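**Q** sequence and predicted model, in that order:
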Amino acid sequence: MKYAIIIPDGCADEPQESLSGRTPLQAARVPGMDEIAASGVVGRAQHVPAHLPAGSEVATMSLLGYDPSTHFTGRAPLEAAAQGIPLGPHDWAIRCNLVTIEEQVMRDFTAGHISTREAGQLLETLRLDLGAGVWEVHVGVSYRNLIVFRAAQAGGPFSEQTRTTPPHDLTDKHVLDAFPRGPGSDLLNDVMCRSLQLFAQDPVNEARRHAGKPPATNVWLWGLGRAPTLPPFGEQYGQRGAMITAVDLLRGLAALIGWERIDVPGATGYTDTDYAAKGRYAVNALDHTDLVCVHIEAPDEASHEGDTAGKILALEQIDRHIVHPLLDKLRACGPYRILVSPDHPTPLRTKTHSHGFVPFAIAGTGVPPDASATYDECVAQASPLAFDDGWKLMRAFLGQPWSIPANGER
Ligand SMILES: [Zn+2]
């Protein structure tokens, strides 16, 4: 049996007035996804437990079959794993965004999708200022970077009670109440403060202002945690997996569960990604692995920008260049299963991630078709197939024979 999972990040949404009451998924022309729905089943699953932050760091862990209530320790440790940064038992990884804050309002949590080169220059200034000691600065891609706090012993400055705010939840909002709080927050606030002073006159920012681009005013620290322990996917589910994604936290998750990670040239984690290349690499991966997972960040990014047309276009590109080729390949290979599901909703209205159910569609060998004709939120809402604990969906997806009770799993 061969398996494919396609994750259009954040694609679940609400009916839009501008789309005559349809959701972006309903408005998009996605014949491949609809074919999966028509030949298989559509249901809904909830991948973010109420007590955890709504975001891909929790939701994709659940979607890949791991209970986030047990395993989630924070977002940054997953990204550290992606970058091959080892974490000792007392170390803390911390996400370090480059952001644009003006008049205490979060104008841009990406600092205008700042280039990795510019990010590297700014962070080098910060690194020199912090000096040798407990802090380690790690340059990632664009605005997504990491800082590691190397603690000599247990009982370090931070704890599970340390509160930080994801900057993408602050778009166009005042930041004064959103700075880190709780144990060790003074250390985090100090680093953020230093960066503000250091970056103000930095040549990188002067050049950006001249070019009409938003400056990276400072770093925003969030998502801290210690290294999680995740049992390998092969042990847990008996399949070899491979991950295609441009996003570090999914690369990290893949690394931690023992999956191969496949780099695709031209995959950007944005709406300008090379969809066709991702599709081609996914199709080829099925020649040597049991399960391939393709994650596409573009619909989520379009939602963060409130870009309805961009979100629809991203869904159509995913359908044409990734879902279709994978469906063709799987059918030519023999027994197969295919799953399409976002990790969490990212409503265009709020421009940020939310808790709640997302629609999924599964088709393939042994999956008896239900009455669904299309893949969208309304069909999922009406389906008897619902997973309150979304992480249980993986076992159902891989299960042979197909064994989801007709009245769903509550
Ligand atoms: Zn997002």
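**A** Alright, I've got the coordinates. Residues are numbered from 1 along each chain as shown.

**Q** which residues in the stretch 1-150 of the chain form helices?
**A** Listed in chain order, the helices of the stretch 1-150 of the chain (DSSP state H, counting those that start in this stretch) span 24-27, 31-39, 56-63, 68-71, 76-82, 116-130.

**Q** with the stretch 201-350 of the chain instead?
**A** Ranges of helices in the stretch 201-350 of the chain, per DSSP H, counting those that start in this stretch, are 203-210, 233-237, 248-256, 275-285, 298-304, 308-318, 324-333.

**Q** of all those helices, which one is nearest Met106?
**A** The stretch from the helices of the stretch 201-350 of the chain with the least distance to Met106 (CB to CB) is helix 298-304; that distance is 11.7 Å. Every residue, glycine included, has its C-beta placed from N, CA and C.

**Q** elements contacting the closest one?
**A** helix 308-318 (3 or more CB pairs under 8 Å, 6 or more residues apart in numbering; DSSP states H and E).

**Q** so how far is the helix it packs on from its chain's centroid?
**A** For helix 308-318, the gap between its own C-alpha mean and the chain's C-alpha mean amounts to 17 Å (CA atoms, centre = their mean, to the nearest Å).

**Q** hmm, who's touching it?
**A** Applying CB atoms under 8 Å, 6 or more residues apart in numbering, the external contacts of helix 308-318 come out as 6, 8, 11, 13, 16, 18-19, 24-25, 27-30, 271, 275, 296, 298-299, 302-303, 348.

**Q** which of the residues in that helix are buried?
**A** Neighbour-count burial for helix 308-318 flags Thr308, Gly310, Lys311, Ile312, Leu313, Ala314, Leu315, Glu316, Gln317, Ile318 (criterion: 16 or more other CB atoms under 10 Å).

**Q** closest to Leu230 among those residues?
**A** Comparing the buried residues of helix 308-318 against Leu230 with CB to CB picks out Ile318 as the nearest, at 26.9 Å.

**Q** show the pLDDT at that closest one.
**A** On pLDDT, Ile318 comes in at 98.

**Q** distance of it from His210?
**A** Distance check for Ile318 against His210: by CB to CB, to the nearest Å, it reads 37 Å.

**Q** same question for Val292.
**A** As defined by CB to CB, Val292 lies at a distance of 44 Å from His210.

**Q** higher neighbour count, these two?
**A** Here Val292 and His210 are set side by side on neighbour count (other CB atoms under 10 Å), and the busier one is Val292, at 29 against 8.

**Q** and the closest residue to the more buried one other than its chain neighbours, how many residues sit next to it?
**A** Closest residue to Val292 in three dimensions, ignoring its sequence neighbours and counting by CB to CB, 6 or more residues apart in numbering: Ala285, at 4.4 Å. A total of 23 residues lie near Ala285 under the criterion other CB under 10 Å.

**Q** what does Glu235 give?
**A** Each residue near Glu235 was counted by other CB under 10 Å, and the total is 9.

**Q** same check on Trp220?
**A** Here the number of neighbours of Trp220 (other CB under 10 Å) works out to 29.

**Q** which stretches of the protein have low pLDDT?
**A** Counting by pLDDT under 70, the chain contains low-confidence residues at 405-410.

**Q** where do the strands of it begin and end?
**A** With strands called from DSSP state E, the chain shows them at 2-8, 41-46, 92-102, 105-108, 135-141, 144-149, 218-225, 241-244, 260-261, 291-296, 336-340, 357-364, 386-387.

**Q** put together TSV for the ones you listed, with distance to Pro53 on each row.
**A** Formatted as TSV, the strands of the chain follow (distance: least, CB to CB, whole Å):
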stretch	distance to Pro53
strand 2-8	18
strand 41-46	14
strand 92-102	12
strand 105-108	17
strand 135-141	20
strand 144-149	16
strand 218-225	8
strand 241-244	22
strand 260-261	24
strand 291-296	18
strand 336-340	24
strand 357-364	16
strand 386-387	20
